[in-house]
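Peer 1: Predicted model and sequence follow; I will ask about them next.
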Amino acid sequence: MEHSHLKFHHFGLAVRRPEEARMLMLSLGYQLADYVFDPIQNVHLQMCFSTTQPAVEIIWPGATPGPVDKLVQRYPTGIVYHICYETENLAASIACLEKNCGLQPVCISRPAPALLFNGRKVSFYNVLGIGLIEILEQE
């Protein structure tokens with residue numbers, strides 16, 4: 001069976017405010033990158049890296065309504081709400097998920113440049129029965 005060519009990249013953690021999440025990541029030995037505000041997504045973003053644990057992206061709302069507002073209202077203590085995978089070929093990866101896995105990835109955010117990833121394109125899919133995945137395209 002052909003695999004989807006998706007490689008794990010990070011977990012996405014949505015929070016109201018980043019301070020507590022940062023403290024947790026630091027206490028677990030993570031290194032925190034500088035945070036950015038992405039006006040296309042209307043969210044603040046900060047990557048956290050570890051040599052021994054999976055990468056974590058901390059996401060918190062911008063000043064105006066955006067994509068994580070309802071999540072952080074519903075889950076005020078924060079929630080891991082997406083898993084990000086990286087791919088060399090987006091179309092082939094989506095087709096493989098559909099054909100080989102019988103999954104139904106529904107695009108909810110078309111590929112767009114992501115400031116956090118130096119302009120590399122990201123897209124979001126609700127995979128029915130699984131949840132939200134982000135796909136980061138390789139350069």
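Peer 2: Received it, and whenever you're ready, just let me know what you need.
Peer 1: and the helix or strand of the chain with the lowest mean pLDDT, how far out from the chain's middle?
Peer 2: Each helix and strand of the chain was given a mean pLDDT (mean pLDDT, DSSP states H and E); the minimum falls on helix 90-101 at a mean of 91. How far helix 90-101 lies from its chain's middle: 19 Å, per Cα atoms, centre = their mean, to the nearest Å.
Peer 1: Likewise for stretch 67-81?
Peer 2: For stretch 67-81, the distance to the chain centre is 14 Å (Cα atoms, centre = their mean).
Peer 1: And for stretch 50-62?
Peer 2: Centroid separation between stretch 50-62 and its chain, computed with Cα atoms, centre = their mean, is 9 Å.
Peer 1: go on, stretch 22-36?
Peer 2: Mean-position distance between stretch 22-36 and its chain equals 16 Å (Cα atoms, centre = their mean).
Peer 1: Could you list the buried residues of the least confident helix or strand of the chain?
Peer 2: 90, 93-94, 96-97 (16 or more other Cβ atoms under 10 Å). Where C-beta positions appear, they are placed from N, C-alpha and C, glycine not excepted.
Peer 1: One more: stretch 130-139?
Peer 2: Applying 16+ other Cβ under 10 Å to stretch 130-139 flags 132-137 as buried.
Peer 1: Just the ones of these in strands?
Peer 2: Among the buried residues of stretch 130-139, DSSP state E puts 132-137 in strands.
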